[in-house]
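> Quick one, fold the following:
(one chain, ligands or ions: 2)
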Amino acid sequence: MAYFPFFVDLEGKKCLIAGGGIVAYRKVLVLMEYGPQITVVAPQFHPELPLLKKELGGKLTLLERKFQDSDLEDADFVIAGTSEEELNRHISLLCKAKNIPINVVDVQEECSFIFPALIKEKHITVAISTGGDSPTIAKYLKGKFKEAIPDGFGDLAEQLGSYRDLVKEKVDLISIRTDIFQTMVEEGIRQGGVFTREQAEELIERKLLEHEGKSHTNRNQEK
Ligand SMILES: C[C@@]1(CC(=O)O)C2=NC(=C\c3[nH]c(c(CCC(=O)O)c3CC(=O)O)Cc3[nH]c(c(CC(=O)O)c3CCC(=O)O)/C=C3\N/C(=C\2)[C@@H](CCC(=O)O)[C@]3(C)CC(=O)O)/[C@H]1CCC(=O)O
Ligand SMILES: NC(=O)c1ccc[n+]([C@@H]2O[C@H](COP(=O)([O-])OP(=O)(O)OC[C@H]3O[C@@H](n4cnc5c(N)ncnc54)[C@H](O)[C@@H]3O)[C@@H](O)[C@H]2O)c1
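Residues are numbered from 1 along each chain as shown. Ligands and ions are numbered 1, 2, ... in the order given. Purely as a prediction, here's the structure:
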């Protein structure tokens, strides 16, 4: 069955990861880009995790002990990736009973959410899932789609995002706004991923004048 990709704001959300091996380390690497508060609980850690802790500071907590049920208490979502299959299943059952979203790495039937193959360029995220049919296809498509994203596209999206309020403030008609945003993207791509604030201001004025000219002509034709 196909899974629906909700895009969730994870900034500051509490993520508990049970297990601290390579699997857990990879999950931390992916998730840290989305700003959650991550706690990893395991008797032994992959050597990269303490190094990452130095980099991430308070965003990453390492609890060097076995998992306890009480670890779930304030978790917003959980990943079970210990080497103990029974324990992973136990964590999954507890989470499901408490309505806490749970991923058991590579065990679809124990998951309430699954991981997609991800492309991230600043705030642009492309997520690919095959509903569990073939993670290898998801990975393959990731490689293909990555090639299709123009250089600097994440930067361009971020720039255009910073002009949204300006456009909304100056332009009332949605159809003109849409035209402006469309032109910004086309010009931004043509200019290699850059569209400056000055250009945005000029474009807004030009499109407003164009529109005024058009409605003027229309009024004259109506007479
Ligand atoms: C996308 C990605 C993200 C990530 O892991 O972060 C991901 N798996 C990846 C790779 C990968 N995983 C596996 C292989 C070996 C080849 C193969 O088995 O096909 C490869 C390929 C490789 O490593 O080259 C083994 C595997 N995976 C699952 C099972 C269980 C089963 O089949 O029942 C088994 C068999 C275990 C066994 O043999 O016992 C299950 C799941 N794996 C998922 C996600 C979820 C569904 C995603 C979807 O909807 O497509 C789901 C359902 C649950 C979950 O884990 O969330 C990541 C791509 C990384 C990237 O982005 O590059
Ligand atoms: N390595 C892979 O590429 C891979 C891929 C897919 C699935 N898996 C599966 O995912 C699981 C984790 O893989 P890994 O390679 O990270 O294994 P690993 O052996 O490197 O790490 C296992 C981790 O689980 C921790 N652990 C054991 N008992 C625990 C407990 N009671 N409470 C909390 N943590 C506990 C260990 O301390 C360790 O940190 C395994 O079941 C493995 O079969 C591994």
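
> what residue lies at the spatial centre of the chain?
Thr125 (4.8 Å; CA atoms, centre = their mean).

> Need the single longest helix in the protein, by residues.
As assigned by DSSP state H, the longest helix anywhere in the chain is helix 197-222.

> what packs against that helix?
helix 164-170, helix 174-190 (3 or more CB pairs under 8 Å, 6 or more residues apart in numbering; DSSP states H and E). Bear in mind the C-beta positions are built from the backbone N, C-alpha and C, glycine included.

> give me that answer again for 6 Å
helix 174-190 (3 or more CB pairs under 6 Å, 6 or more residues apart in numbering; DSSP states H and E).

> what's the spacing between the helix it packs on and its chain's center?
Centre-to-centre, helix 174-190 and its host chain are 24 Å apart (CA atoms, centre = their mean, to the nearest Å).

> what's near enough to touch Thr61?
Thr39 (CB atoms under 6 Å, 6 or more residues apart in numbering).

> For it, grab phi and psi.
Backbone dihedrals for Thr61, given as degrees, to the nearest 10, come out at phi -120, psi 130.

> before we move on, the earlier item: report the buried residues of the longest helix of the chain.
Using 16 or more other CB atoms under 10 Å as the test for burial, helix 197-222 gives Gln199, Ala200, Leu203, Ile204, Lys207, Leu208.

> Out of those, flag the one nearest to Thr178.
Lys207 (10.4 Å; CB to CB).

> Just give the nearest non-adjacent residue to the closest one, would you?
Ile180 (5.2 Å; CB to CB, 6 or more residues apart in numbering).
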